[in-house]
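Colleague: Generate a structure from the sequence data that follows.
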Amino acid sequence: MENIIVIGGGLMGSSVAWKLVERGAEVTMIEQQGANYSQGSSYGKARISRSLGPKKDVFSYVHKQTVKEVAKLLDFLNTEDPKQAHRIDEIYSTSPVSYLFHRDEYHSKIKKFRFKKQKRDYRTASPNSSFRKFSMSIPDDTIIVREHRQYSGTLNPSALLKKLHAGIEKKGGQIKYEHQVVGLIKKEDFFELSILNTKTKKTQILKAKKVLVSSGAYIADTLKEFAPYFNRLITPKKVVQSFLKIKDEAYAQLTDVEKKALHNGFPFFSQIGKEYFAMISEQEEGVSPIFKAGGHQRRRNIHDLQKVWDEKPQKKDLKWIKKHFKKHLEMFEIYLSKKDIEEVSSCNCVYAETRTKIPIVSTIFNKYGRLDANIAVIAGMSGIGAKGCMCYGLLAADLLLGKEDKPSKMYRRMLKSFANPSVNLYTKRKKSGRLF
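Modeller: As a prediction, the model looks like this:
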């Protein structure tokens, strides 16, 4: 019998598995993809890494704790393999993060974010001063906030995944690639999992004392027998992401000043409307960077979860992204035609969205309304998971191992926000034997 099985080998599942093996637990992680991760919300080379928030903001806390946990992981890998240097700049690219707010929204809600200790890390600009301060021209009814802190900028999920998987295996954990959990039921005092080998199509049964479910958009399907109410808590959504570049001839005509302003203007996150975002995904000396762009709230439902990965993004979504990217370039006084902007590639990024829009990192109730401390779920990160993945993993590992120590007020705040099943799982029963 396995001690702990982690279902899902993306950033969340891998972070939990790492924290568990780091503490000496016997862990097997099940991942339906191969060792080269190519799908799911953890795929890619860039996510915005940021910490803008009020003084006791739990999302800023998980970002900062993740940076510390990444450093600990790299220290372990460097100790185990001194010949290969593992550096934190492989994971984080520190660069200014720009946020665009509507003026009324900023004055009513956002201004309080810049409390006394943060003033040196954040600067704001109105339309009158934005070009002087940041080499950006912004609309008349907006205000821009620029964050400049160490390890704020972008995070590379692909690089971090490789480090996590290396750490898990070096600590004695097992990773079963190309295996999919197709059944999960609870027996007397253990869990029974049906595992499908996606290459041979053969199924085997594994037993485990504890289970962590982090299968992203597949969570409701994974829990359909143990906790069927999850199909009402979790809704898979897709967001189109487009990878764009300025054509080489147009980029070569930019001055050095324009190129510097361009590079300093990413990552960019507009808090207006559909929340356009853009960041530098890849860059080489002398040529245009490849920019990743999309609309954070431009989310669409999914008809077939199995086929969504191969679906071509809708043309109207790609058109919307390119239009906003062109407008974004105009903020730097860089005026290009549509023909000067090249689409390198595009894809559907799939998230699992919770009903409350707040992530769940919690032990869960079974279908009869009984809380089971031996099974936990990480779900609903919905675009905010990567920057805090190691901290979410720490919390989930604490829950599964029954750790009662709560080291700080912010940890307790995090516990209350994400790990409160009576609130996050809507457990008030209307009828006996049902949660809804």
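
Colleague: Quick check: Q204 vs Q180, distance?
Modeller: 12 Å (Cβ to Cβ, to the nearest Å). For every residue, glycine as well, the C-beta is placed using N, CA and C.

Colleague: Can you work out which residues contact both of these two?
Modeller: Taking Cβ atoms under 8 Å, 6 or more residues apart in numbering as the criterion, Q204 and Q180 both touch I195.

Colleague: Please say which of those two ends up with more neighbours.
Modeller: When Q204 and Q180 are compared for neighbours, Q180 comes out ahead with 19 against 11, by other Cβ atoms under 10 Å.

Colleague: So the more buried one sits against I195, correct?
Modeller: Yes. The criterion here is Cβ atoms under 8 Å, and Q180 meets it with I195 at 7.2 Å.

Colleague: Give the residues shared as contacts by those two.
Modeller: Residues touching both Q180 and I195 (Cβ under 8 Å, 6+ apart) are I30.

Colleague: got the domain boundaries for the chain?
Modeller: 2-51+158-234+356-424, 97-152+236-353 (automatic domain parsing).

Colleague: Could you say which of those is packed most deeply?
Modeller: Among those, domain 2-51+158-234+356-424 has the highest mean neighbour count (mean count of other Cβ atoms under 10 Å), at a mean of 20.

Colleague: quick one, helices of the protein?
Modeller: Taking DSSP state H as the criterion, the chain carries its helices at 11-22, 58-80, 103-105, 130-134, 157-170, 219-222, 230-233, 248-252, 256-264, 315-331, 389-401, 409-418, 421-424.

Colleague: sorry, back to before: export the domains of the chain as CSV, with columns for mean pLDDT.
Modeller: Listed next are the domains of the chain as CSV, based on pLDDT from 0 to 100:
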stretch, mean pLDDT
domain 2-51+158-234+356-424, 92
domain 97-152+236-353, 91
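
Colleague: okay if I get the ones you listed as CSV plus distance to D57?
Modeller: As requested, the domains of the chain are exported to CSV (distance: least, Cβ to Cβ, whole Å):
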stretch, distance to D57
domain 2-51+158-234+356-424, 8
domain 97-152+236-353, 8
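
Colleague: so which of those gets nearest R87?
Modeller: Closest approach to R87 among the domains of the chain (Cβ to Cβ): domain 2-51+158-234+356-424, 10.0 Å.

Colleague: List the residues that contact the nearest residue to R132 once chain neighbours are set aside.
Modeller: Excluding its sequence neighbours, the residue lying closest to R132 (Cβ to Cβ, 6 or more residues apart in numbering) is A125, at 7.9 Å. A125 makes contacts with 132-134, 136, 138, 143-144, 146, as judged by Cβ under 8 Å, 6+ apart.

Colleague: if you set the cut-off to 7 Å instead, what comes out?
Modeller: 133-134, 144 (Cβ atoms under 7 Å, 6 or more residues apart in numbering).

Colleague: which of the residues you listed lies closest to A71?
Modeller: Closest approach between the contacts of A125 and A71, by Cβ to Cβ: F134, at 29.9 Å.

Colleague: My guess is the closest one contacts R146. True?
Modeller: Yes. In this structure F134 lies within contact range of R146 using Cβ atoms under 7 Å: 5.9 Å.

Colleague: re earlier: give the bridge partners for the residue nearest to R132, please.
Modeller: I144 (DSSP bridges).

Colleague: Distance to Y151 for the helices of the chain - can I get that in CSV?
Modeller: Below are these laid out as CSV (distance: least, Cβ to Cβ, whole Å):
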stretch, distance to Y151
helix 11-22, 16
helix 58-80, 5
helix 103-105, 27
helix 130-134, 20
helix 157-170, 12
helix 219-222, 29
helix 230-233, 32
helix 248-252, 28
helix 256-264, 17
helix 315-331, 24
helix 389-401, 12
helix 409-418, 17
helix 421-424, 28
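
Colleague: which one of those helices lies closest to Q39?
Modeller: In terms of Cβ to Cβ, the element of those nearest to Q39 is helix 157-170, at 12.1 Å.
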